[in-house]
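Chemist: Show me how the following folds:
(3 chains)
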Amino acid sequence: MSKPARTSRRSGIRGGEAASGWLFTAPMIILLGMFLVIPVLMALWVSFSDWGGRGSPFGGNVKFVGFDNYSTLLSGGGLAEQDFGTALRNNAWYVVLVVPIQTALSLLLAVLVNRQILRGRGFFRTSFYFPSVTSSVAITVLWLFLFSSTGAVNKLLSFIGITGPNWFNDPSGILHNFLQLFGVTQGPAALTDGSFLGVSWWDWLAGPSVAMTAFILMAVFTTSGTFMLLFIAALQNLSGEVTEAAMMDGANGWQRFWKVTLPQLRPTLFTVLTLGLIGSWQVFDQIYTGTKGAPGKTTLTPAFLSYQSAFNNQEWGQGAAIAFILFVIIVFFTLFQRWVLRERSVSNRRMRPYLSVANGATANVVAASALTGAGSGSPGTDSPGSGSDPDSHAPDTTGGTR
Amino acid sequence: MTATVSTKTPTPPSPSRRLRSLSRPQLPTRAVAGRSLMYAILTVLAIIYIAPFLVQVATSFKTDVEAASNPISLIPQTWSTAAYEKLFLNSDFPVWFKNSAIVTIFVTLGRVFFNSLAGYALARLQFRGRTVIFAGLIAVMSVPGVVLLIPKFLVINQIGIYDTYVGMIVPLLTDAAGVFIMKNFFESIPASVEEQARIDGAGTFRVFWSIVLPMARPALITIVILSFQGSWNELSHFIVATQSPELTTLTKGVASLASGELSQGTQYPLKLAAAAIMTIPVAVMFFIFQKRIMNTTDGAVKE
Amino acid sequence: MQRRTSRWMIGAGLTMAGALALTGCSSSFGGTTSGSTGSAGDLTSDSSKTLTVLIGSSGDAETKAVNAAVASWSSSSGTKATVSVASDLNQQLAQGFAAKKPADVFYLSTDALAGYASNGSLLAYGDSLANKDDFYPSLVKSFTYDGQFYCAPKDFSTLGLVINTDAWAKAGLTDADIPTTWDQLETVAKKLTTPDQVGLAIGGEYARAGAFMAQAGGNLMNEDSSKATANSAEAVAGLTEVKKLLNDGVLKYAKDVGAGWGGEAFGKQLSAMTIEGNWITGAMSSDYPSVKYTIAELPAGPAGKGTMQFTNCWGIATDSPNQAAALKLVEQLTSKDSQLAFSTAFGPMPSIKSAASDWKAANPVLVPFLNGADYAVGTPTAKGAADVVTELNSKLESLKTGDPQQILDAAQKNLEALLK
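Modeler: Numbers count the residues shown, from 1 in each chain, chains lettered A, B, ... in the order given. Below you'll find the predicted structure:
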């Protein structure tokens, strides 16, 4: 939102600009208003109503029920609360594992591929990026095959003497499985007795199920390429002088990376983390295509639960309420992330040169987050946007502010 | 054109590296070892990233039995095109493909036009309310897509375009992020050219259409890539916007194949063939515009 | 900043007004008149529109058979009708109802009945059917909601005991040994269990284990799903028997022997017996043609014989413009001739008593399945019960180490919550 500089400079000569301005933006305003703003308001109403899914939600016999739908989900004590708790747990583990792994992996790929001396750079970059362009539906179909009980992954595991699990049919949590190795099959009473959202603390700590783990691997596989491009763009905008100075000081490659490169990459790191967080809270396509929440509800996610409650169980109010709670969760994390970003970059004066890049990156977060949004969080849909703009536009934005 | 390629060229590190290797003669052997290690790691990673797709294509030519008994081999023992025959001759697959193509074409054209129109207005035109619109745009961008699943259905249904091409296409015709990208782009190009045209008396639309738009080619390509990929791969919107089999798109159709409601048994070759075919258009798009997508690196690292 | 905020507020206000305007005009065409819910007293009969029939098909055979039946009705009645196959039946139904453009006639599962009946989407036409008294009473109960018989059962399936005859002979068993009690079942299962074949394998879910509950005289809910009975002594006894068999090592869940369902475990000869429905015959002939098998009724428990039944009905939409014709179509589709034709084409059992003898004559091997109709119990139909069953299923996976009483107490609590 930094454009006033230009306005003052050129004013005057045109009179009909207001009309054309509104005319030019009208299609966008109408379309976004109609299919984004109004829908959200309608759904907000539905989340406070007892609409049952027949005819219009504004019909005469649809009643306002206050926070009933929300309280059923958050403190109803029934299955709805338990399902919601389960879905949150599943997705939380998904986020906890996907975000750090995809960030670390994409950074690693970027660093490796960015070497000047590397031959076949283009080939490697293309291979790593390719999974990102495919649709989440296609990739899920592939994954169902690779991770089926007789699939390629289990076949590979069998070569090294491991009997692979029946991935998409195994509801056991991987942390529970790990504890089982040490003979722990029952949690301590302190954990099994207490519960939150209808799910016992012990079950909250189950870890992602084996089935969900397969989805986690898939998310890492499909998103690391996209984020790799973001990191490559950032690496190439780094100031060479600092690196060179460090080299003169005799710092080795590893030290250089930790002490010099990584701090400079911080803005991009934040971008990637934020995008990852936003995207991985919206798991829908994969679940819809693949498991529909099975086995044992361990791949149920809030997004899919919202859809299922409304379209399959006729609980439209609850479905809409789940969507809004999810909205709040995502907004919370986005704001939290931004707050962290702002704090750091202002406090550290040495980061000044990169502040501009950070601004570009912030704009990019917004753009790409909307993209992930429009693609409903499918890992494949947002790719080139987040990949290709930072390089083409981030520098432009900075140019504008100078 | 200039603006997009203007990525700062980092100081080429080669001189310093040469310098270092001169000062420490023992380094080359270590460097060779390190380099081979790096190539080894990269090769393994590349195999992991590519192999699934090779397995996919290979399996689509296998028989059901072989797909289960021999899931990794890249060459089928008995070549079978049964999956493809079934898809093209005995299923709705061609209809799905057609629908996806129709939607993608219209959405891409629509986004290119409407996004650049709005982006231009927000970047260059002075009018009351611009700030409000822009603030609204930012707000709208922060709405996560899954939240819209139920509400989109409600609106589409309410205004009577449910289960029609209109309902599939129109809601996707513009996207906030695209407008944002175009706005950023227009702000980055110098205003002098259009100023001149304006002084010569050209109307706003004319200036936009014949002067500004041609200059915006790089950004437009970004929009084309984004829209093409976005609408081709879109699933949730079509789930809530249609129900007729005649309006099923590839994503929706293949998803229903995957969950097995149309088929008996596992039928992996069939499913993988369907998934492979639906990947082809985006893959082609990807290879055509590969330079552009990757231009970060290619533009900056000319040695 | 201040100024921008206030402007933004105005913008939001405008959009809000737009939304209100939209809702305003909606009521003119969206105003629900749900007074018509249920009673089929006066049916709509706008014959200008083509009837649409929405089915969830198991495959080409089913699609073809339904198409043929509908086309023949169409040509004899003069009313146009088309069949479409849903890719996701539940979702398409839900969207159709909400859009007020539902299919006229459609497949409807027992667990979806309550949801659509309660919001008025379904026409309760059961009592207007000419062949109403011909349906098996237990099936009619499955499609009765709130005291009203909503829709005509399309067909049904029950569970039977499927036995691998080679393994049976190898264990030295004869026809006389076919188990009729739990004790006998345990005995033969033990004899049939070898290092590479378990005696009995079943899917680890309520839809199989529930048969034991039925044999003990219990079920999750009472017959018309108006009361939860999940933790009754009978239901617990049934589940305890399953647990016992599991712990004896003579019963295993299909998944634990590496199969997706009972039929696969049986077909791959990982188990000598399984408990499955009549659909298993299709899988056996297409996937495992070399395995020889016979079918017996399930053994009796403390409360006598018991099995589970699964069924779908032909739903008719309240919003259908031509309910009268839809009703006629359903009568035709549930007639003896149509049902026998369906059965030949894709295997389910006719839902009417008058077709029983013909069907038994045509399918001598499958008679035990149809005999089950006399004592079969249905799955609970209360709104939301399907979710409770899913939840129960996930607990049943660990039945071997779990406590049947505890598992069913949880189900009881969840079912009671549905009835509030």
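
Chemist: what sits against B:S192?
Modeler: By CB atoms under 8 Å, 6 or more residues apart in numbering or on different chains, the contact set of B:S192 is empty. (Each C-beta comes from the backbone N, C-alpha and C, glycine too.)

Chemist: Correction: the previous question concerned C:L327.
Modeler: Going by CB under 8 Å, 6+ apart, C:L327 touches C:A40, C:L43, C:Y125, C:S128, C:L129, C:I316.

Chemist: Test for you: state the pLDDT assigned to it.
Modeler: At C:L327, the pLDDT value in this model is 93.

Chemist: From the chain's centroid, how far away is the helix or strand that contains it?
Modeler: In this structure, C:L327 sits in helix C:323-333 according to DSSP states H and E. Distance of helix C:323-333 from the chain centroid (CA atoms, centre = their mean, to the nearest Å) equals 22 Å.

Chemist: quick one: which of the contacts of C:L327 is nearest to A:Y94?
Modeler: C:I316 (42.1 Å; CB to CB).

Chemist: burial measure for residue 197, as a count.
Modeler: Since you didn't name a chain, this refers to chain A. 18 (other CB atoms under 10 Å in any protein chain shown).

Chemist: Chain C, not that one
Modeler: C:Q197 has 20 nearby residues by other CB under 10 Å.

Chemist: Also B:W79?
Modeler: 10.

Chemist: for it, what are its contacts?
Modeler: B:F61.

Chemist: Secondary structure of it: a strand, I assume?
Modeler: No: applying DSSP: H, G, I helix; E, B strand; the rest coil, one finds B:W79 to be coil, outside a strand.

Chemist: what are the phi and psi angles of it?
Modeler: phi -70, psi 130 (degrees, to the nearest 10).

Chemist: Please tell me how far it sits from A:T298.
Modeler: Distance, B:W79 to A:T298, using CB to CB, to the nearest Å: 39 Å.

Chemist: Run through the helices of the stretch 51-200 of chain A in chain order.
Modeler: A:68-75, A:79-113, A:121-133, A:136-146, A:152-159, A:174-180, A:189-193 (DSSP state H, counting those that start in this stretch).

Chemist: For A:Q337, find the nearest of these.
Modeler: Of all those, the one in closest proximity to A:Q337, counting by CB to CB, is helix A:79-113 (10.7 Å).

Chemist: is chain C contacted by the helix or strand hosting B:A273?
Modeler: For B:A273, the element it lies in under DSSP H and E is helix B:268-288. No: using CB under 8 Å from any CB of the partner chain, helix B:268-288 stays clear of chain C, with a minimum separation of 12.9 Å.

Chemist: quick one: average pLDDT of the following helix or strand past that helix?
Modeler: Where DSSP H and E defines the elements, the next helix or strand beyond helix B:268-288 is helix B:290-293. The pLDDT scores in helix B:290-293 average 72.

Chemist: ok, now stretch B:253-268?
Modeler: Averaging pLDDT along stretch B:253-268 gives 69.

Chemist: End to end on that stretch, go ahead and measure it.
Modeler: Using CA to CA, to the nearest Å, one end of stretch B:253-268 lies 15 Å from the other.

Chemist: follow-up on the earlier one: out of the helices of the stretch 51-200 of chain A, which gets nearest to C:T158?
Modeler: Using CB to CB, the helices of the stretch 51-200 of chain A put helix A:79-113 closest to C:T158, at 28.0 Å.

Chemist: isn't there a helix covering A:L275?
Modeler: Yes: if the criterion is three-state DSSP, then A:L275 is within a helix.

Chemist: Next, count neighbours for it.
Modeler: 27.

Chemist: That one contacts A:L229, doesn't it?
Modeler: No: A:L275 is beyond contact range of A:L229, at 11.9 Å (criterion: CB atoms under 8 Å).

Chemist: Next, count neighbours for the closest residue in space to A:T150 that isn't next to it in sequence.
Modeler: Take A:T150 and drop its neighbours on the chain: the residue closest to it by CB to CB, 6 or more residues apart in numbering or on different chains is B:A68, 4.7 Å away. If you count neighbours by other CB under 10 Å, B:A68 ends up with 18.

Chemist: gap between B:A68 and A:A310?
Modeler: Taking CB to CB, one finds B:A68 at 37 Å from A:A310.

Chemist: Same question for C:Q91.
Modeler: 10 Å.

Chemist: neighbours of B:R198, just the number please.
Modeler: By other CB under 10 Å, the residues close to B:R198 number 18.

Chemist: and it, that's in a strand?
Modeler: No: counting by three-state DSSP, B:R198 falls outside a strand, being helix.

Chemist: and it, how far is that from B:S116?
Modeler: For B:R198, the distance to B:S116 - CB to CB - is 18 Å.
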